[in-house]
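Peer 1: next comes the sequence, and after it the predicted model I'd like to discuss.
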Amino acid sequence: MQRQRALWVIAVGLLCYASAIAQSPFAPKVSGPLSQRVVAYQIDAKYDPARHTVEATETLTYRNLTGQPLDRFPFHLYLNAFQQKSTWMHEAHRDGSFRTSSLDEWKPKNYGANDVTSFEVVGMGDLTKQMKFVSPDDGNPDDKTVFEVKLPRAVQPGQDVQFKIKFKATFPEVIARTGYKRTFLLAGQWFPKVGVWWQGAWSCHQFHAMTEFFADFGTYDVKIALPKDYVVGATGVQTSDTDNGNGTKTVAFHAEDVHDFAWTADPNFKVVEGQFEGSVGPVRIRLLTYDSHKSSWQPYIYSAKESMKRFDEWYGPYPYAQLTVVDPPHGAGEAGGMEYPTFITGDSGWFIPKGVHLIDLVTEHEFGHQYWYGMVATNEFENGWLDEGINSYTEMKVLDNMYGENASAINLLGAQLGDRGLQRMSYLDVADTDSLSRSSYTDMSIGTYGGVTYGKTATMLVSLEAIVGEQTLKNALHTYFMRYRFTHPTQEDFMRTVNEVAGRDLQWFWAQAVYGTQVLDYEVLRADSNPTNWYDKNATEKKGETTYETQVILHRKGDFVFPVEAEVKFDNGESTRERWDGKARWVRYVYRKKAQVESVQIDSDYQVTLDRDYLNNSQVTKSQRSATAEIATYWMFLTQLLAQFLSWLA
Amino acid sequence: MADNKKGLVTAGSSLLWRQQAILWWVFAVNFVCGALGTAPAALQLNRALHHTLAGQALTKGFDLGMFFEIVRLPNVSLMRSTTSSYIFAFLFFLFMLFVSGGILETYRQDRRLTTGDFFAASGAFFWRFVRLMLFSLLPFIFLWSMYAQVNRLSDSVGDRAVADQVGFCIQFAGTVLLALLALLVRLWFDLAKVRAVAQNERSMWHNMWRSSGMTWRHLGTLFWMYFRISLAAWIALLIGLLIWTKLPPTAIPATFILLEFIILSQLAARLWQLASATAWYKRYAEVVPADSVAYTTPEPEGVIEVVETPAIPEPNLSPLPEPEGPPTGARTGKDAALTDDL
């Protein structure tokens, strides 16, 4: 009887919710599940702001779609990474810092924890004592970021199994995309999360300093009780806000076809809203920000809308009803620039000079993750580049489209920096370290992970445009997104799609750019002209009359083979373009004409951004002094100013 | 003479103008130091860029990406060239320390000294000014440590505050306050130098404390004088930088001239301060020595150093005699004994 009543209550609740969603002006036009919903999380959480802890009960319903019986389930406990002997802390300390935090020394405020107090499997009893911490990646016995439970009996294919987990999350002061700062909280990676059955095995890596996350799609129903003056934002949409009458309230959220759930809370949040008219319906943009960041409010909304517009046009629709954008408070930089499904964090401040496109850059980047991390959802432990790298490339394309190629990152006081320049800078120093195909968490360092995963991928894809064309690559990304959204594709799926859309086998390129660590560097080795009658001592050279033999030698300095184009200009205004397959070590071009060579330039459009050295890409016969003069002018000014400053002490 | 009717800042500027040769010489030395400090970097750059088109990205709009690319190239090693800039900046510091005596003597006498006299005065005061400079490091280091405290305070208070601006405001207010205090210290030691030259003071320790008393008693007048000149320098700097932002990247000669004009304005401001300090001292504090009688008797109400000796020479308005021997030589010992505080 009681069960029947409960079913009625649930049915009525679902009806009410469905009608509320239907009436919402922000309801997406997409109906039905978008993903194979492997998991359904229901979490009742209570936040204690004084202790920065959450005590919660989690009910996870897991549907076995693996096609085989499962009796072993691994879970992530990410917050345990913030302990002295964890693998994450070891890696971050080894490199000295992580994002904006210095980890040279241990600070108690860095402590975080996920404590599971009870673990029950419905129908199989309390298995708390069966929990066992495992370290599949490095065998670190002190790492507690993954635990496993062996069930007394296997879950058969197609069957559901329900886990009831009680846990307590203790947040560190903001670090690695989660934590508190004063009254602000970003609750990311805060609950026990089951691993992913992927390519015939569990993928449930320990938390590493260099890589992010991977999880299965499903639904989330999360209730959070907290003091009622707190403003809350989270993955999905808010479904209720109930005053508990004791100075607290309970806020409920629902999300579908997502693979993670993050939330944020702060009594000082200011809510600013915007709306984007997407191709599958309107999307509410909900910005949680601060009074002191007032000058950033409109740039945030503008960046979000402009990014959504271009992604919608170029790659595919954003099918969710809402995008929550969190503008973290000052001092919470570690919470900034992060993506969770339908929920992103930006980066701003009370003063950002006009011309520094920081808000656009971060907002666009994190929104882009909604596609590559959020919906395509590749394995970030194994192939970080499929998310961060492709996303860096699309970030560059969007920002270039918004602000121009040369000034999309900075356009200030006459100095300019394009996003592609920014990506290239991060790649240049690590060009020959790690391959993209390497499991990202095993990269040499956090620096090489960043440079290779973000910078190299972006520059590699820009370079690929030189071969297949910009529009073809855009089409390929569209196809890749539409085909693989909600499916966890592999890097081979991506490369196969590009090959298919481009209509050519690009294996030679992938072998070097993705699987290899070859370095691309072509140079103009020689460019000169000599009179053909050089032996005639009486002959005098006359412009337009004397015939010259011009010799141009292009040289492949690096081990990356790539077709290049060189533009040869002569002093009579003529020019010619030579296309070289770049396979041999060098090539010679010879011209006989009544003109001398003026300049030779490889890749004059700066399209092959993988080329490690732009300076040797050209040769000119006339000395170029302008750039030297310009830098020397500033250098001298600064030296004189420094001299004056010192003499002030005299 | 007519300067006595003018305000001190105006009197200082008139003195600076009349003795502008000093400004041009100091600017020339600063220019040469700047050029020599820049030379290694310019050579490196020229070697890397003179036969490539890559540098065009810097002249057709300053491309930061290309600039950083050039900086990081091992064969350019631009950052190593900074050493030369530091060395020549330090040499300019030594130069200014050395010629301070000559400059102040020129301002004191308000006439162009011969080269020999100028450098004789410079040499005569060099080691005294080195000592004075070392003494001045004590308050400057103290202010620097205060600046570190301001940083700590702004970090700690700012970290607890909800609004971002709180930390910045503390930092800004603290920095401005400390900058004003640094200006005060500079004023104090400038006055000590002026006094040392005027009185041919040998004991810098004694001179420093005498000058501090003078500075303290006339703080308002003196500080206002220095502050206005500093403000003018800041305004000149801001205007210069504002014009610079309007110049196209291709206008390299115009940029060069503008930046040098900024440098000149800053040097002029510094010398203007020294000239004004000298004018103040001559007007209100100096007991006129025998060989420097071109000045009128100080106004009684402004006198802060009084001579206990019976004889103060009457003002002699005859034309200034040409100095014989080192300009400071005639005033040793005796003049120093002429003065004392009230």
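Peer 2: Great, that's in hand. Remember, predicted model here, so these are calculated numbers, not experimental data.
Peer 1: ends of stretch A:485-498, how far apart?
Peer 2: 16 Å (Cα to Cα, to the nearest Å).
Peer 1: do the same with stretch A:94-110
Peer 2: 16 Å.
Peer 1: buried residues, it. List them.
Peer 2: Buried positions in stretch A:94-110, judged by neighbour count with 16 or more other Cβ atoms under 10 Å in any protein chain shown: A:95, A:98-99, A:101, A:103, A:110. (Each C-beta comes from the backbone N, C-alpha and C, glycine too.)
Peer 1: what's the neighbour count on residue A:212?
Peer 2: Per other Cβ atoms under 10 Å in any protein chain shown, the neighbour tally for residue A:212 reads 20.
Peer 1: revised request: answer the last question for residue B:69.
Peer 2: 21.
Peer 1: is any residue of the host helix or strand of residue B:145 near chain A?
Peer 2: Assigned by DSSP states H and E, residue B:145 falls within helix B:115-160. Yes. If you take Cβ under 8 Å from any Cβ of the partner chain as the test, helix B:115-160 does meet chain A, through B:129, B:133, B:136-137, B:140, B:158-160.
Peer 1: surely residue A:416 and residue B:62 touch.
Peer 2: Yes. Residue A:416 is within contact range of residue B:62, at 6.6 Å (criterion: Cβ atoms under 8 Å).
Peer 1: so which of these two has more stuff around it?
Peer 2: residue A:416 (26 against 19).
Peer 1: for the chain, just list every one of the helices.
Peer 2: Since you didn't name a chain, this refers to chain A. Applying DSSP state H to chain A gives helices spanning A:2-23, A:87-95, A:294-314, A:358-369, A:384, A:390-403, A:419-428, A:446-450, A:457-468, A:470-484, A:491-502, A:507-513, A:626-647.
Peer 1: you looked at the wrong chain, it should be chain B
Peer 2: Under DSSP H, chain B gives helices at B:8-18, B:20-49, B:56-59, B:64-72, B:82-109, B:115-160, B:165-199, B:204-217, B:219-246, B:252-284, B:334-338.
Peer 1: ranking the helices of chain A by mean pLDDT, which is last?
Peer 2: Here the helices of chain A differ in mean pLDDT, and the lowest is helix A:2-23 at a mean of 45.
Peer 1: contacts for stretch B:233-242?
Peer 2: B:258-259, B:261-262, B:265-266, B:269-270 (Cβ atoms under 8 Å, 6 or more residues apart in numbering or on different chains).
Peer 1: could you dump those to TSV with pLDDT and distance to chain A?
Peer 2: What follows is those, written out as TSV (pLDDT from 0 to 100; distance: Cβ to the nearest Cβ, whole Å):
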residue	pLDDT	distance to chain A
B:258	97	9
B:259	97	4
B:261	97	11
B:262	97	7
B:265	97	11
B:266	97	6
B:269	97	10
B:270	96	7
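Peer 1: let's have the residues you listed in TSV, adding neighbour count and distance to residue A:355.
Peer 2: Below are the contacts of stretch B:233-242 laid out as TSV (neighbours: other Cβ atoms under 10 Å in any protein chain shown; distance: Cβ to Cβ, whole Å):
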residue	neighbour count	distance to residue A:355
B:258	19	21
B:259	21	21
B:261	14	25
B:262	22	22
B:265	17	27
B:266	21	27
B:269	20	30
B:270	21	33
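Peer 1: now these in a markdown table, with distance to residue A:410?
Peer 2: Shown next, in a markdown table, are the contacts of stretch B:233-242 (distance: Cβ to Cβ, whole Å):
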| residue | distance to residue A:410 |
| --- | --- |
| B:258 | 22 |
| B:259 | 22 |
| B:261 | 27 |
| B:262 | 23 |
| B:265 | 29 |
| B:266 | 28 |
| B:269 | 32 |
| B:270 | 34 |
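Peer 1: quick check, nearest of those residues to residue A:389?
Peer 2: For those, the minimum distance to residue A:389 (Cβ to Cβ) is 41.4 Å, reached by residue B:259.
Peer 1: leaving out sequence neighbours, find the closest residue to the closest one.
Peer 2: residue A:637 (4.2 Å; Cβ to Cβ, 6 or more residues apart in numbering or on different chains).
Peer 1: what's near enough to touch that neighbour?
Peer 2: B:34, B:259-260, B:262-263.
Peer 1: right, is stretch B:190-200 up against chain A?
Peer 2: No. Using Cβ under 8 Å from any Cβ, stretch B:190-200 stays clear of chain A, with a minimum separation of 9.5 Å.
Peer 1: before we move on, the earlier item: among the contacts of residue A:637, which pair sits farthest apart?
Peer 2: B:34 and B:262 (12.1 Å).
Peer 1: re earlier: quick one: which of the contacts of stretch B:233-242 is nearest residue B:121?
Peer 2: Looking across the contacts of stretch B:233-242 and measuring by Cβ to Cβ, the closest to residue B:121 is residue B:270, at 18.5 Å.
Peer 1: roughly how far apart are that closest one and residue A:46?
Peer 2: 65 Å (Cβ to Cβ, to the nearest Å).
Peer 1: what's the answer for residue A:411, then?
Peer 2: 48 Å.
Peer 1: again with residue A:625
Peer 2: Counting by Cβ to Cβ - residue A:625 and residue A:46 are separated by 70 Å.
Peer 1: OK, contacts around the closest residue to residue A:446 other than its chain neighbours?
Peer 2: Closest residue to residue A:446 apart from its sequence neighbours, by Cβ to Cβ, 6+ apart: residue A:95 at 4.5 Å. By Cβ under 8 Å, 6+ apart, the contact set of residue A:95 is A:209, A:445-447.
Peer 1: go with 7 Å
Peer 2: If a contact means Cβ atoms under 7 Å, 6 or more residues apart in numbering or on different chains, then residue A:95 has A:445-447 as its contacts.
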